[in-house]
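Novice: Got a predicted structure here, sequence first:
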Protein chains: 2
Amino acid sequence: MAPTQQVKRRATNQGAAVKEALAAEDTFRSAQDVYATLRANGEKIGLSTVYRHLQIFVDDGLADVIHKPDGESTYRLCGDASTTHHHHLVCRSCGKAVEIEGPAVETWADKVAAQNGFTDVNHTVEIFGLCATCAAS
Amino acid sequence: MAPTQQVKRRATNQGAAVKEALAAEDTFRSAQDVYATLRANGEKIGLSTVYRHLQIFVDDGLADVIHKPDGESTYRLCGDASTTHHHHLVCRSCGKAVEIEGPAVETWADKVAAQNGFTDVNHTVEIFGLCATCAAS
DNA sequence: GTCTTATTGGGAATCGTTCCCATTATGACA
DNA sequence: TGTCATAATGGGAACGATTCCCAATAAGAC
């Protein structure tokens, strides 16, 4: 919506740590999960800070969020999310995600919304399943 | 998954009241909202019971759930949800929803999942926007 | 009418997330 | 390199939605 305005932001160890933790895996991970991992690694960081940075990443378009059916929010860094709108194919078991695109879905969504008089539209499309690895075990 | 097995279930005033409350409007409503409405109507019912029945409706395929981006779960009765898989165009402001179908999306989702070795697939497609009424105000 | 047991409901408990605010540390500037 | 303004931190309290627990209640079968 509004042009992503970069606010002055300080570089901190904690911020870097959160980003690293996310970068380490290509799966969607919850804030609690990231926090636990960092603490286990001996990182000195608070839960609030983890939430803060995760949210910042989302605001800056560096990360994507997926709200799991159980209500938990999970995050994952996304290469060039800012330029390409995309969706995810997510493993319900391990959280592993594959970025997918569906141009047809985009246009369909906009068309349907317009036909019904809806404006300021956005949509969520997530496909959940079991990845080959998890299905095998 | 497992064949929907109908369990013996008693007919109670509370159960009927919850269903009525949902049937009264074609919008997705939260458990808290339904509870408040019922109490305001002088209905004698507990919050736990509302949650319980809402969940039962979902299990029985009588209602659809949508997890709002803020994490709240909203429910709405759906005519023949059990027979026709469909999605929703939901007003972000008032919750009003229009049932929509997108056969192309279904096949696309399945195809993408299969290509990536995912099984036991399901997907969520919800379109959020502002309905004409809410946009006007 | 009686009895079995599904259902109820209110409050405690849980869980993820946000808030508050005194303390800490980054980055700009001298 | 030292000083300073203030962004960032973190720990615990606060919150809101949802679930749990369990004694009291009431539906439905006989």
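Specialist: Good, I have the coordinates. Numbers count the residues shown, from 1 in each chain, chains lettered A, B, ... in the order given.
Novice: Check the gap between A:Ser48 and B:Ala113 for me.
Specialist: Distance of A:Ser48 to B:Ala113, given as CB to CB, to the nearest Å: 37 Å. Bear in mind the C-beta positions are built from the backbone N, C-alpha and C, glycine included.
Novice: For stretch A:92-105, buried residues please.
Specialist: Across stretch A:92-105, burial judged by 16 or more other CB atoms under 10 Å in any protein chain shown covers A:92, A:95-100, A:102, A:105.
Novice: that older thread, neighbour-wise, which of A:Ser48 and B:Ala113 wins?
Specialist: For A:Ser48 and B:Ala113, the more surrounded residue by other CB atoms under 10 Å in any protein chain shown is B:Ala113, and the numbers stand at 23 against 10.
Novice: Let's verify the residue nearest to that one when sequence neighbours are not counted: helix, strand, or coil?
Specialist: Once flanking residues are discounted, B:Ala113 sits nearest to B:Val121: 4.3 Å by CB to CB, 6 or more residues apart in numbering or on different chains. Assigned with DSSP: H, G, I helix; E, B strand; the rest coil, B:Val121 falls in the strand class.
Novice: list the contacts for B:Val121?
Specialist: A:127-129, B:109-110, B:113 (CB atoms under 8 Å, 6 or more residues apart in numbering or on different chains).
Novice: Distance of it relative to A:Leu130?
Specialist: Taking CB to CB, one finds B:Val121 at 8 Å from A:Leu130.
Novice: buried sites along the strand or helix carrying A:Leu22?
Specialist: Assigned by DSSP states H and E, A:Leu22 falls within helix A:13-23. Buried residues in helix A:13-23, counted by 16+ other CB under 10 Å: A:14-15, A:17-19, A:21-22.
Novice: which helices and strands sit right next to that helix?
Specialist: helix A:31-40, helix A:47-59, strand A:73-77 (3 or more CB pairs under 8 Å, 6 or more residues apart in numbering or on different chains; DSSP states H and E).
Novice: is DNA strand D contacted by it?
Specialist: Yes: using CB under 7 Å from any atom of the strand, helix A:13-23 reaches DNA strand D at A:14-15.
Novice: what's that helix in contact with?
Specialist: If you take CB under 8 Å, 6+ apart as the criterion, helix A:13-23 is touched by A:29, A:34, A:37-38, A:43, A:45, A:49-50, A:53-54, A:56-57, A:62-63, A:75-77.
Novice: at 6 Å what do you get?
Specialist: A:34, A:37-38, A:43, A:45, A:49-50, A:53, A:77 (CB atoms under 6 Å, 6 or more residues apart in numbering or on different chains).
Novice: same thing with stretch A:126-137?
Specialist: Taking CB under 6 Å, 6+ apart as the rule, stretch A:126-137 contacts A:66, A:88-94, A:96, B:109, B:113, B:117-124.
Novice: got the CA positions of it in PDB?
Specialist: Extracted in PDB, the C-alpha atoms of stretch A:126-137 (Å, rounded to 0.1, in the frame of the first residue of the first chain):
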ATOM      1  CA  GLU A 126      -1.600 -21.200   1.300                       C
ATOM      2  CA  ILE A 127      -1.400 -24.800   0.400                       C
ATOM      3  CA  PHE A 128      -0.700 -27.200   3.200                       C
ATOM      4  CA  GLY A 129       0.400 -30.800   2.800                       C
ATOM      5  CA  LEU A 130       3.000 -33.300   3.800                       C
ATOM      6  CA  CYS A 131       6.400 -33.000   2.100                       C
ATOM      7  CA  ALA A 132       7.900 -36.200   0.700                       C
ATOM      8  CA  THR A 133      10.300 -36.500   3.600                       C
ATOM      9  CA  CYS A 134       7.600 -36.200   6.300                       C
ATOM     10  CA  ALA A 135       5.200 -38.500   4.400                       C
ATOM     11  CA  ALA A 136       7.900 -41.200   4.400                       C
ATOM     12  CA  SER A 137       8.400 -41.200   8.200                       C
END
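Novice: In it, which residues are buried?
Specialist: By 16+ other CB under 10 Å, the buried positions in stretch A:126-137 come out as A:126-131, A:134.
Novice: sorry, back to before: list just the nearest of the buried residues of stretch A:92-105 to DNA strand C.
Specialist: Closest approach to DNA strand C among the buried residues of stretch A:92-105 (CB to the nearest atom of the strand): A:Gly95, at 13.6 Å.
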